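A.B. asks: mind folding the following:
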Amino acid sequence: MNKIKFWNKWDTDTRYPYLFLLLLAVVALMLGVYHYFTGEDASYAWDKLTELEVVQVPVNEINRLLEPFTLYVDGYLITEQYDVAAPTVNTAAAMAVLLILAICLAFYTAAISTMKRIPYFGGMLLLMLLLASFNLDLLGVMGSSTGQTMLLVFIISLAIVSYAFQAFYQQVRFSMRVLAMAGVIGLLGALVFMDSDFPPLLTALHLVNYSSLSLIVASFLFMIWVGYANINALLWINTQAKAPERRFSVWQFVLVSVLYLLNLLLLYLRHVGYVKADLFFINAYFILMLSVVSGFWGMQQREAYYGRLFPFKPTGAVLYLVFAILTFLSIGYAYATANDSLIVLHHDLIVYTHLAFGVFFFIYVMANFGRLIEQRLQVYKVVYQPRLLPIYTIYTMGAILLGILVMRTQYRVYFYSYAGYYSYLGDLYKASDNTILAERFYRESDLYDINNVKANLSLAGMYREKQQRNNEILSLQESLQKRPNPKLYVRLANLYDLKQFFFEKLYVLQQGAIAFPESPEIYNNLALLYAQTSVTDSVKYYFDLAQEHASNPDLVRSNRLAYYTRQAMPEEAKELVAEIRSSNYKPLRSNMSALGQLLGRASEAQDEPFAPDSLEEVADMTLFYNNTIGSINNGDTSLLKPINRYLASRGNQLFMEDLLYLKGLVHHYDGRPKEARNVVETLALAASERSAYYYNALGHWMMEEENYGAAASYFKEAKNRGFNQAFISHAYALALNHQTEDAMEALKEVGFTEIESAIEVAQSLLTVLDQAPGTIIREAPDKDKVQYLIAYLPDLLPRDVDGIVSSVKDKELQREALVARVDYFMGKKRWKLANEAIKEAAATLLPEGELRSKLNLQQMRLWLYTKNHDVLVKRMDNLYLTPKDKRQKLYLRAKIAEIKNRDREAAERYDHALKMLLYDEQVVEDAAAFFARYSPNEMKAYNILLDGITYNPYSSSLYKAYALESINQGLVSYADQALVSLSSLLPPSEYSTFKEKFERQRRAKEAEADNWQL
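C.D. replies: Reported below is the predicted structural model:
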């Protein structure tokens, strides 16, 4: 261990700087390894094209006239197709490279200052060449872009300080030399960054990219330096043991060395195209890393040869690490920028140098020490003391073989180095928004390394920004010819996004699948492409492959679930959901929520509410939206808070309409009908293209609340705007509002929709409505009887009602008829008969359900009207009511408080009831009457009635109360307008009667005013 940690014997002044540099080398290596795995994704990362598909999910279903009416809203399914983001310039990597490079320069100049004079000048020459490669003149520092003032300042400053240490202050400690040189470099660097014509990031990018050729040269020299280090390490492994019997024989050394060299030879032959078989190879970069580690020990061994120029401590050791770091930086930066030309260049240089110098070092060892190895002696100790072949033959013959290898490949390394260099320059000018020069340098790169990925993909990215699709396609096709990768296939295929290019896209993706049979991204996109066809087997096949190879299988599951949902394949969807135990992947959760709505399952929002601080992604919006749709009708208005927050954010303009409609839905189903109607009616007025959709929703809400006149009006608006589903709803709303003649005309219009199921239902109801009561009782089926009873209820005679009810034989339909008869007697205020009808119906109804709730509510109102207040109070909480009907308790308790003269309590309860029951005419009338008495000098009663007629403009009873209250408040013009509205809502006889009452109250009010003035 002590032999490995040779620096332990060094003095502190030298040891700590060296350990710092060693740590920096490890950091540079780790950064290179990190970018080896992530550089491509950093330069052109996988992206996702999110596509939303609307599916109609049910929100609420009601049964009116024995026909179900379901309100559907837009739910969203997400599918995600892989794409490739536009290429980016990794300026962060450039900053890291420049910082480490500056530290290396400080150590380098400090190290050469400890050399003898001649090697010192050689070291300075290398430094000047490196500084010249920075092209400082182009930064505009200290002069024009054509002068070399700043370069001369750099060279003179570093030369003066380092030469002073080398010639005059040789006693200065090494650590102080490093600090002094670092200080000089820091000051010069600060001057460059402060006086540069470019921002700091671009300045760093300029320095690094222009100096990349120098780094490549330094890397090449270092690879020659360690080219035979691995063979030397194998020699040490074979001969290092203390006991001769534990050392390996010469044949073991030969076998291992030959295998190592054979791996390098196969790498070379594969590169030149002679070997195409898929064999196992040791990675060239791993070989380099082993060489670097082996070189630590070999460098110290060779001090006998270079010791007359400079010592190993600290010069040789420091220079070794400096060049190792420069090599790591050059390779790591190539990977960080996905510069495939330089990646291939470094790979080839490793193979060439290690093969050329490794072969001749092996020959050198066998020629000089073969017999000694056979005698199991510790040859590693004398490996640099040759007997036959001198050591320089390794370098001379190795250099010759290296030249042959380079020439045999038509000088590819030369062309690759310039191709990578010009790609770097293209990145620089692209980052500085000089697209003309950027394109020129990328094209130069493509000339030196034809069809290299870096240049062509960068050009494709520029064409993408300019929306030059054809040029982008050509660049991608060229880049596929040399070094293809899955991203190129995916991006090229996505450019064929129009339907007429279906087969072109399919061809590209299939070629990609053949070239990269383990690419989940290609398989995912193929599955989505086939999903546009009827070939379901191919969809399943490619989804299976994508899921098998995916690092994120939830994305594939999400797309798969969207496909099953869209294709109405519930069994497959349920099976897939059963496989998913839990997932945090938002698109998948969003699709599961939409599927749950379609299957009638409760939303996951009940257990896992999702309300992020902001809607940063489309999946955030769809997950929140789908979950909220699934959670309405639960009486929870807490989701209004995040909805309002999202609406207040300008960044959510794209989702504004959906969020507003969602707000309306939450308001309506959780007890705020006035706010809900205001929101959605505003949407209907503003959203011209989707106004019919919103009017239909408003009509459905009015149907739920049994405000059939308003429902018919909204459905008519939706129908006039082409919403086909509203045709049948409009006719039924008219029938329920007992406008049978209008309903029959509307039923005839359903034929315009050409929806056969709707036409069949309309024709059936039309036949029912166009008959006499006697015919219905004698001949009609039970369903027709009940429909006729409900549609004509107020106009029938008691004997007709009893006849229809008694003639219905079907048990479920008979229950409907019995409850309808209760409504009939309640409407006629025949309390005794209503009570008997309630008793008869109660004996046949189920303990729970909508009919039972409706009957119980009628029973409570009957107790109220017949002044059985104590019974009402006692029984109110014991009778079954649906969640919606339970809201009526607010009104009943307010009414009881009013009757008991608890006016303050009544006022509070009426306020609460009006918020949730504004659609109920009786509630509004009674609340207005109470406040007219409780606070006659205020406008409270008037405002209540105004809200009532605004919400339900087809209620004649509310308009009557509003007209009279307007007279009481002295608002004569508003009263006259109300009277005009009543003329179209009331039959002539009833209107005439009310008009007399209206005029009497007007005269009384005028007389009262005249008396007050007297």
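
A.B. asks: and the residue nearest the centre of the protein?
C.D. replies: In the chain, the residue lying closest to the centroid (Cα atoms, centre = their mean) is Glu617, at 4.6 Å.

A.B. asks: tell me how far the nearest residue to it once chain neighbours are set aside lies from Gly651.
C.D. replies: Distances taken as Cβ to Cβ, 6 or more residues apart in numbering place Lys586 nearest to Glu617, at 7.3 Å, with adjacent residues excluded. Where you see a C-beta, it was placed from the backbone N, CA and C, and this is true even at glycine. For Lys586, the distance to Gly651 equals 17 Å [Cβ to Cβ, to the nearest Å].

A.B. asks: and the two? Which one has more around it.
C.D. replies: Neighbour totals were compared for Lys586 and Gly651, and Lys586 leads with 21 against 10 (other Cβ atoms under 10 Å).

A.B. asks: show the pLDDT at that one.
C.D. replies: Here the pLDDT value assigned to Lys586 is 91.

A.B. asks: now the longest helix anywhere in the chain: average pLDDT?
C.D. replies: With secondary structure taken from DSSP state H, the chain has its longest helix at helix 340-374. The pLDDT scores in helix 340-374 average 89.

A.B. asks: centre of the chain to that helix, how far?
C.D. replies: Relative to its chain's centre, helix 340-374 lies at 50 Å (Cα atoms, centre = their mean, to the nearest Å).

A.B. asks: other SSEs contacting whichever helix or strand comes after it?
C.D. replies: As assigned by DSSP states H and E, the chain's next helix or strand after helix 340-374 is helix 392-408. Secondary-structure packing of helix 392-408 (3 or more Cβ pairs under 8 Å, 6 or more residues apart in numbering; DSSP states H and E): helix 212-225, helix 340-374, helix 412-431.

A.B. asks: Leu264 is nearest to which of those?
C.D. replies: Closest to Leu264 of those is helix 340-374 (Cβ to Cβ; 4.1 Å).

A.B. asks: what angle do helix 412-431 and the closest one make with each other?
C.D. replies: 140 degrees (axes from the mean of the first three to the mean of the last three Cα atoms, to 10 degrees).

A.B. asks: would you mark the buried spots in helix 340-374?
C.D. replies: Under the neighbour-count criterion of 16 or more other Cβ atoms under 10 Å, helix 340-374 has 340-362, 364-366, 368-369, 372-373 buried.

A.B. asks: for stretch 998-1012, same thing?
C.D. replies: Phe998, Gln1001, Arg1002, Lys1005.

A.B. asks: and of those residues, the nearest to Glu905?
C.D. replies: Using Cβ to Cβ, these come closest to Glu905 at Gln1001, 30.2 Å.

A.B. asks: residues contacting that closest one?
C.D. replies: Neighbouring residues of Gln1001 by Cβ atoms under 8 Å, 6 or more residues apart in numbering: Leu964, Ile967, Asn968.

A.B. asks: quick one: contacts for the last one?
C.D. replies: With Cβ under 8 Å, 6+ apart as the criterion, the residues that contact Asn968 are Ala932, Tyr942, Gln1001, Lys1005.
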